[in-house]
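Student: The following comprises the amino acid sequence and a computationally predicted model.
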Amino acid sequence: MAAGDETAYRLFYDAYFDRLWRYLIVVTAGNEDAAREALQTALTRVVRHIRVFSSEPVFWSWLTVLARSALTDQTRKRRRYLAFLDRFSRHAVTESARPDVDRPDERLRQLLEHHIAALADDERRLVEAKYFARRSVRDIATELQTTEKTIESRLTRIRQKLKNTVLAELKNE
């Protein structure tokens with residue numbers, strides 16, 4: 001097996017698979033999933049680290065150490081993962097429990113809504129048509145019987161006005 005002989009691995013597998021499986025079932029107190037994972041890891045480690053042993057009891061002892069360490073590693077990994085999920089869920093709950101005003105994006109949205117509502121009627125309708133109804137500049141220009149360039153210029157001025165008022169308010173906060 002140390003030389004990579006597949007027949008030797010098959011002989012090892014036939015001789016020790018069931019015995020190692022039963023050993024892991026006992027060690028895991030009947031948890032078949034944990035035993036299956038540990039067995040798979042242990043068999044992989046056997047292939048990677050196989051060497052010549054002086055006797056079968058020494059070899060079996062080495063196999064059980066590999067199996068127990070695979071089980072221990074798997075248990076630690078599962079605990080770390082569950083601890084991560086716990087921290088993540090607590091963080092998510094904390095974030096969702098915070099008031100919306102504490103979130104920068106939410107505060108910006110509130111300010112924009114407030115200042116858009118404070119615009120002159122024609123400016124507000126223009127912003128709503130372009131950005132909320134998602135109409136094209138061409139459609140808006142046709143409806144208002146003006147040029148596209150005029151609509152684009154008005155939108156630029158309105159955006160600049162909104163930007164300045166929102167930034168001024170944020171700066172004061």
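Tutor: Looks like it came in fine. Numbers count the residues shown, from 1 in each chain.

Student: Quick one: residues contacting the residue of the chain positioned farthest from its centre.
Tutor: In terms of distance from the mean C-alpha position of the chain, Q145 ranks first, at 50.4 Å (C-alpha atoms, centre = their mean). Residues near Q145 by C-beta atoms under 8 Å, 6 or more residues apart in numbering: none. C-betas here are computed from N, CA, C, even on glycine.

Student: E148 now?
Tutor: Contacts here follow C-beta under 8 Å, 6+ apart; on that basis E148 touches V137, R138, A141.

Student: Please report how far it lies from L126.
Tutor: As judged by C-beta to C-beta, to the nearest Å, E148 and L126 stand 13 Å apart.

Student: and D14, what element?
Tutor: Per DSSP states H and E, D14 falls inside helix 6-27.

Student: just to revisit the earlier point, pipe the contacts of E148 into a markdown table and attach pLDDT per row.
Tutor: As requested, these are exported to a markdown table (pLDDT from 0 to 100):
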| residue | pLDDT |
| --- | --- |
| V137 | 91 |
| R138 | 93 |
| A141 | 93 |
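
Student: what about the protein, any weak spots by pLDDT?
Tutor: The model of the chain has pLDDT under 70 over residues 92-104.

Student: what's the domain layout of it?
Tutor: For the chain, automatic domain parsing gives the domain ranges 6-97, 100-172.

Student: Which strands and helices lie in contact with the helix or strand containing T72?
Tutor: Taking DSSP H and E as the definition, one finds T72 inside helix 56-97. Counting contacts by 3 or more C-beta pairs under 8 Å, 6 or more residues apart in numbering; DSSP states H and E, helix 56-97 is packed against helix 6-27, helix 32-49.
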